[in-house]
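1. Got a predicted structure here, sequence first:
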Amino acid sequence: MTTPNPSVTYANYLQLDELLSLQQPRAEGPEHDELLFIVIHQVYELWFKELLHELDRVAALLRGDEPHRVQHTLKRILTILKVLVAQLDILETMTPLEFLSFRSRLEAASGFQSDQFRQIEFVLGAKRESAIARFAASSRARAALERRYREPTLWDAFLQYLAREGYPVPAAHLTRDVTALITPSPEIQDILVDAYRQDAKTQGICERLVDLDEGFAEWRYRHVRMVERTIGVKPGTGGSSGAAYLRTTLGQNMFPDLWEIRSRL
Ligand code: HEM
């Protein structure tokens, strides 16, 4: 049994003083809703950190042949995603005028510059080299994105798993350029149809991956709706066209083969 260390407290274990000093509204008013805006974004970033931690675990479990635990971890990721979507409800209690009261203080800052969001996209296969260059050379964000860009995606880890399970995954897929976008493949679709018909374990993992794809899409959809109701068609602070740009990101499936097979099952 370990002896309790009296110097460990709730406050110092969680670094509470530091944490609670990190919300610094920029408006001089001060504008009441800016604190909510900051807290929500900080909470998102913490959840993004946790999501990346869990996504790394899923890839490791797939590599380590622990499929039952893969499902468990994917379930946790999906539960977090649901919380991320639900959190938008809180921000939607802020009216357009309340947001406008401090929006100019954001200057060019935007969720567009969230490197952790881009990291999640990269892990899921939506990689764009152009996204990396927006982050300052030698910054934490740039180094993390460069690493994620070169790393195999979750889909690559899944293809390796299928091969180890004895499915005839073509070698070209197992050695593909992991920085390239994931494109639909008839050979992989044949394998997946087969797995859905006779392999409950693999089917279970596939369904959780579809949940993940859908959960991410749900966040994108809810975010753009929130943007539309808060700023209409105004351009974004990050320099994009705003809602029009965000709408172009809807409807992209991260794991296209898992969607293609639906009509064949
Ligand atoms: C009133 C609230 C919000 C408004 C008006 C808003 C607005 C926008 C706009 C207009 C964009 C397009 C890029 C640009 O700025 O030009 C954008 C992108 C983005 N926002 Fe928000 N946003 C809000 C809240 C949030 C929250 C709470 C998060 C959580 C982290 C978030 C995360 C993102 C991300 C990750 C992107 C990049 C999306 C992509 O490129 O696919 N936003 N936002």
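-> Right, received. Where do you want to start?
2. who's in contact with residue 41?
-> Counting by Cβ atoms under 8 Å, 6 or more residues apart in numbering, residue 41 touches residue 111. Glycine gets a C-beta too; all of them are placed from N, C-alpha and C.
3. can you rerun that using 6 Å?
-> Not one residue lies near residue 41 by Cβ atoms under 6 Å, 6 or more residues apart in numbering.
4. same check, this time on residue 212
-> Residue 212 neighbours (Cβ under 6 Å, 6+ apart): none.
5. Kindly provide the distance from it to residue 31.
-> 36 Å (Cβ to Cβ, to the nearest Å).
6. what's the neighbour count on residue 167?
-> Neighbourhood size, residue 167 [other Cβ atoms under 10 Å]: 17.
7. can you tell me the helix or strand for the closest residue to it other than its chain neighbours?
-> Take residue 167 and drop its neighbours on the chain: the residue closest to it by Cβ to Cβ, 6 or more residues apart in numbering is residue 191, 4.7 Å away. Residue 191 belongs to helix 186-198 when assigned by DSSP states H and E.
8. Please spell out which residues along the helix or strand hosting residue 35 are buried.
-> Taking DSSP H and E as the criterion, residue 35 maps to helix 34-63. Across helix 34-63, burial judged by 16 or more other Cβ atoms under 10 Å covers 34, 36-38, 44, 47-48, 51-52, 55, 57-59, 61-62.
9. what's the answer for stretch 71-79, then?
-> 71, 73-74, 77.
10. Please state the offset of it from the chain centre?
-> The gap between where stretch 71-79 is centred and where its chain is centred comes out at 13 Å by Cα atoms, centre = their mean, to the nearest Å.
11. pLDDT on it, on average?
-> Averaged across stretch 71-79, pLDDT comes to 97.
12. From the rest of the structure, what touches it?
-> Outside of stretch 71-79, the residues within contact range by Cβ under 6 Å, 6+ apart are 54, 57-58, 204, 208, 211, 215.
13. which parts of the stretch 101-250 of the chain sit against the ligand?
-> Listed as neighbours of the ligand in the stretch 101-250 of the chain under the rule Cβ under 6 Å from any ligand atom: 110-112, 114, 117, 223, 226-227, 230-231, 236-240, 242, 245-246, 249.
14. could you redo the last one with a cut-off of 5 Å?
-> For the stretch 101-250 of the chain, the residues in contact with the ligand (Cβ under 5 Å from any ligand atom) are 110-112, 114, 117, 227, 230-231, 236-238, 240, 242, 249.
15. remind me which residues of the protein are low pLDDT?
-> 1 (pLDDT under 70).
16. which parts of the longest helix seen in it are buried?
-> When the chain is parsed with DSSP state H, its longest helix is helix 200-231. For helix 200-231, burial by neighbour count (16+ other Cβ under 10 Å) applies to 202, 205-206, 208-213, 215-217, 219-224, 226-227, 230-231.
17. how far off helix 34-63 does it point, in degrees?
-> 160 degrees (axes from the mean of the first three to the mean of the last three Cα atoms, to 10 degrees).
18. got the contact list for the next helix or strand after helix 200-231?
-> Per DSSP H and E, helix 200-231 leads on to helix 243-248 as the next helix or strand towards the C-terminus. The contact list for helix 243-248, computed with Cβ under 6 Å, 6+ apart, reads 224, 227-228, 233.
19. redo that, cut-off 8 Å
-> In contact with helix 243-248 (Cβ under 8 Å, 6+ apart) are residues 220, 223-224, 227-228, 231-233, 236, 240.
20. Go through it and flag the buried ones.
-> For helix 243-248, by 16+ other Cβ under 10 Å, it's 243, 245-246.
21. burial of the closest residue to the ligand within the stretch 51-200 of the chain, as a residue count?
-> Nearest residue of the stretch 51-200 of the chain to the ligand, counting by Cβ to the nearest ligand atom: residue 111, 2.2 Å away. Number of residues near residue 111 (other Cβ under 10 Å) recorded here: 15.
22. residue contacts, it?
-> Neighbour list for residue 111: 41, 117, 238 [criterion: Cβ under 8 Å, 6+ apart].
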